[in-house]
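Colleague: Got a sequence here, can you build the structure:
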Amino acid sequence: MDVMMPGVGGLEATRRIKREWPETRVLVLTNLTDDETRRSAFLNGADSFITKRDIASRLLVAIKDTIRA
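Modeller: Now for the predicted structure:
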């Protein structure tokens, strides 16, 4: 899930998905690196969070973390 999606933002989409299908796992991937975005992602139901700058080194770990959440 990208935080900066057009229309419904990624955090709102995550919240809606988790409300309707709580078993669905959501990995947030974004260019935003601030703590507030990270905190908001988890408050809205994200199972894991990584920044796009860390994608090369963290994507596989983040996917595994999401599956285990």
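Colleague: Which parts of this protein are helices?
Modeller: For the chain, helices defined by DSSP state H occupy the ranges 10-20, 35-43, 55-68.
Colleague: what does the last one contact?
Modeller: Applying C-beta atoms under 8 Å, 6 or more residues apart in numbering, the contact partners of helix 55-68 are Arg25, Val26, Leu27, Leu29, Asp47, Ser48, Phe49, Ile50. Where you see a C-beta, it was placed from the backbone N, CA and C, and this is true even at glycine.
Colleague: what about the second one, how many residues close to it?
Modeller: It stands for Val26. 22 (other C-beta atoms under 10 Å).
Colleague: let's have the chain start at 50 instead
Modeller: Shifting the count to begin at 50 puts that one at Val75.
Colleague: Need phi/psi at it.
Modeller: phi -120, psi 120 (degrees, to the nearest 10).
Colleague: can you tell me which residues contact the residue nearest the centre of the chain?
Modeller: By C-alpha atoms, centre = their mean, the mean C-alpha position of the chain lies nearest to Val77, the distance being 1.8 Å. If you count contacts by C-beta under 8 Å, 6+ apart, Val77 has them with Met50, Asp51, Val52, Gly59, Leu60, Thr63, Ala90, Ala95, Ser97, Phe98, Ile99.
Colleague: ok, what's across the strand from it?
Modeller: Note on Val77: beta-bridge partners Phe98, judged by DSSP bridges.
Colleague: Quick one, grab the pLDDT at it.
Modeller: Listed pLDDT for Val77 reads 94.
Colleague: just Ser106 next, same as before
Modeller: Ser106 is given a pLDDT of 85.
Colleague: what's around it, how many residues?
Modeller: Around Ser106 there are 9 residues (other C-beta under 10 Å).
Colleague: Cool, thanks, talk later.
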